[in-house]
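**Student:** sequence? don't have it. structure:
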């Protein structure tokens, strides 16, 4: 392989990654802490952001399920992060759809107020009704928003704890168990 | 050597004998075979390289990193079918369930007959299956690693008198961490990330990660390379142009992205089949809630399959998913969602997979993305209703309190009697809630340029130097999990390429 810089000034290519990224990856890399960096949350307009938060408040389960303003903010952050990684067309369509959802109580004459001005129970009820709408586009919009919001909500640690789901210690135990199982094989190989 | 987006600060040009676009079940295999045969190989992968130690159980951390478009991809049609694909070194093998089935013999006999290619018949492919299975360590699961949901499904099938087969998996000492969908955190699942790719790299191949290829380089009617952009792994924004020139170009981006790329150049056209013949093994989820703890997450997923109805094109299996992934797919929100999800430890998630009786298409949309289309046929509609009903009956026979059904017009049953309401009149096609991960068939291999996109070597009939090596090659649906078939065909493409080089 040759690496050819496009011009003379770009000579940094000669000492690039080649040396650093170098070694072929082993079959089973040793476990190490890996910091995961994510993009900034998807930039939403103020009306879209208000609508998203209204949908989050209406869709996330009420008490006795875990619920706090801090948790709801985390759900918003997670949802906007997912939006960032979606195809730009899909993210745009979904953020526009959120604004439509916010306006829908007024447009359908279900209320004088937009979704974000309704109390949580009423907003939740309307969203449940629209989820069974004869209009496919509306059903899909609710499905998409619900998938995004509840996907993030049910991924939170306190929610996992309330569900008696503890994957981290379980997986750590399995990593140790497998290492034990393979120790004689590796010792023999060495 | 593995390069990343930050390494392509200025325009970078690379040369190799072979450039392979994609590192999943197709690309990694072709590249590794050729690198081990002494060819200089460069892989180009749109996703990043994630170490085994970086895999964890959280959806919000895993999906953006490992899934194309954060899993928001969908097939248009009646009904619309969401699908997911991997986007990382290892491709979808990093996020699949690790099922390792050979192509059924009757399918291969049909392939041989319809394409006229002896090379696609059972006898010709057997040594390739043997080789692939040895490379990815295909073997049955350790008994101790099996989860409660798998055991319950096997018990249920036996109770109903149905045939069950224990899955072979591409795994080595799998102890059942049960995180297959978000990357195996123990390294037991032999995805191409930990099998073929390390072998290729050890043999001297290079992997350019975080590069999206959007163009073929074509000179004098021959494909001589690929061109694309480095993609910032954090923002997904394109950054710097990257060009790879090679004597042979292998496209292995999967059955959606491969025709999308080829269609840009109006190649693969003599037969008019590029992007046609799209197959997707749609499946429907059936979620049962039991009055006792199952703790499905504490053991390996998809230990066995119910194959009693395989002759009807219906396959059933359980499939664990995390609360985040499950929560994203339930038909409720608010208090109803919690009432259901608070029983998470008492759930068994199972599925009905139907072998396609029709085909769809993949084309380039106006919006800078592939447009996949597929309409479920009346025959498959009936098969879904039958499969879901049978599976729900089995759950009730095992004592389930209620079963969530994949129909928008009938989503919860609380007894077997209520399942009588499942018929075509009450549940139209548009009410089916389907999902898929098996995408196949859009650049089919064949013996004639009038009926297929690529020749028996995997080379495009109308673009010398350009090869396809992924599930796009399948002439028909295979009815089982496709990764072993993809790997076998990719091995074949690699061997033919190497033979052609030696002959030259």
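**Tutor:** Received it, and whenever you're ready, just let me know what you need. Please read these numbers as outputs of a predicted model, since none were measured by experiment.
**Student:** run a quick neighbour tally on residue B:137.
**Tutor:** The local packing of residue B:137 (other CB atoms under 10 Å in any protein chain shown) involves 17 other residues. (Glycine included, C-beta is placed from N, CA and C.)
**Student:** wait, it sits on residue B:172?
**Tutor:** Yes - with contact defined as CB atoms under 8 Å, residue B:137 reaches residue B:172; the gap is 4.6 Å.
**Student:** now the element after the helix or strand of chain A with the lowest mean pLDDT, going C-ward?
**Tutor:** Lowest on mean pLDDT, DSSP states H and E among the helices and strands of chain A sits helix A:17-20, with a mean of 27. Going down the chain from helix A:17-20, the next helix or strand is helix A:46-59, by DSSP states H and E.
**Student:** which of the helices or strands spans the residue of chain A most remote from its centre?
**Tutor:** Largest separation from the mean C-alpha position in chain A: residue A:188, at 43.6 Å (CA atoms, centre = their mean). Assigned by DSSP H and E, residue A:188 belongs to helix A:167-189.
**Student:** chain center to that helix, what's the gap?
**Tutor:** On the basis of CA atoms, centre = their mean, to the nearest Å, helix A:167-189 sits 30 Å off its chain's mean C-alpha point.
**Student:** what residues does it touch?
**Tutor:** A:31, A:160, B:56-57, B:173-177, B:179, B:185-188, B:297-298, B:322 (CB atoms under 8 Å, 6 or more residues apart in numbering or on different chains).
**Student:** burial of residue 67, as a residue count?
**Tutor:** Let's take chain A. Under the neighbour criterion other CB under 10 Å, residue A:67 is assigned a count of 19.
**Student:** oops, chain B please
**Tutor:** 24.
**Student:** double-check it against residue B:87; I have them as touching.
**Tutor:** Yes - because the distance of 6.3 Å satisfies CB under 8 Å, residue B:67 is recorded as touching residue B:87.
**Student:** how much space separates residue B:15 from chain A?
**Tutor:** 5 Å (CB to the nearest CB, to the nearest Å).
**Student:** for residue B:238, same thing?
**Tutor:** Where chain A is concerned, residue B:238 sits at a distance of 11 Å (CB to the nearest CB).
**Student:** next up, the contacts around the closest residue to that residue other than its chain neighbours.
**Tutor:** Leaving out its chain neighbours, the residue that sits closest to residue B:238 by CB to CB, 6 or more residues apart in numbering or on different chains is residue B:229, at 3.9 Å. Contacts for residue B:229 (CB under 8 Å, 6+ apart) come out as B:211, B:212, B:214, B:238, B:239, B:240, B:241, B:242.
**Student:** neighbour-wise, which of the residues you listed leads?
**Tutor:** residue B:211 (31 neighbours).
**Student:** what distance do you get for the residue farthest from the centre of chain A to residue A:182?
**Tutor:** 10 Å (CB to CB, to the nearest Å).
**Student:** show me where the stretch 401-504 of chain B has helices.
**Tutor:** Assigned by DSSP state H, counting those that start in this stretch, the helices in the stretch 401-504 of chain B fall at B:483-503.
**Student:** and it, which residues reach chain A?
**Tutor:** By CB under 8 Å from any CB of the partner chain, the residues of the stretch 401-504 of chain B that approach chain A are B:408, B:430.
**Student:** leaving out the residues flanking it, which one is nearest to the residue sitting nearest the centre point of chain B?
**Tutor:** For chain B, the residue nearest the mean C-alpha position is residue B:438 (4.2 Å; CA atoms, centre = their mean). With sequence-adjacent residues excluded and distances taken as CB to CB, 6+ apart, residue B:438 is closest to residue B:281, at 3.8 Å.
**Student:** now that neighbour: how far from residue B:437?
**Tutor:** Taking CB to CB, one finds residue B:281 at 8 Å from residue B:437.
**Student:** got the contact list for residue B:363?
**Tutor:** B:259, B:260, B:263, B:275, B:370, B:371, B:373.
**Student:** list the contacts for the last one?
**Tutor:** Under the criterion of CB under 8 Å, 6+ apart, the contact list for residue B:373 reads B:75, B:76, B:77, B:278, B:360, B:361, B:362, B:363.
**Student:** rerun at 7 Å
**Tutor:** Contact analysis of residue B:373 by CB atoms under 7 Å, 6 or more residues apart in numbering or on different chains lists B:75, B:76, B:77, B:360, B:361.
**Student:** also the fifth one?
**Tutor:** Residues touching residue B:370, when contacts are defined by CB under 7 Å, 6+ apart, comprise B:256, B:257, B:260, B:362, B:364.
**Student:** can you list contacts of the one helix or strand residue B:32 maps to?
**Tutor:** Using DSSP H and E, residue B:32 falls within helix B:27-36. Under the criterion CB under 7 Å, 6+ apart, residues B:18, B:20-21, B:41, B:43, B:91, B:192, B:196-197, B:199-200, B:203-205, B:250, B:252, B:469, B:487, B:490-491, B:493-495, B:497-498 lie in contact with helix B:27-36.
**Student:** so how many other residues sit close to the residue nearest to residue B:438?
**Tutor:** Neighbours of residue B:281 (other CB under 10 Å): 21.
**Student:** before we move on, what SS does it have?
**Tutor:** coil (DSSP: H, G, I helix; E, B strand; the rest coil).
**Student:** how about the one 4 residues further on?
**Tutor:** Residue B:285 falls in the strand class when you classify it by three-state DSSP.
**Student:** is it in a bridge, and if so with what?
**Tutor:** residue B:351 (DSSP bridges).
**Student:** so it touches residue B:353, yeah?
**Tutor:** No - look at residue B:285 against residue B:353 with CB atoms under 7 Å: they stay out of range, at 10.5 Å.
**Student:** thank you, goodbye.
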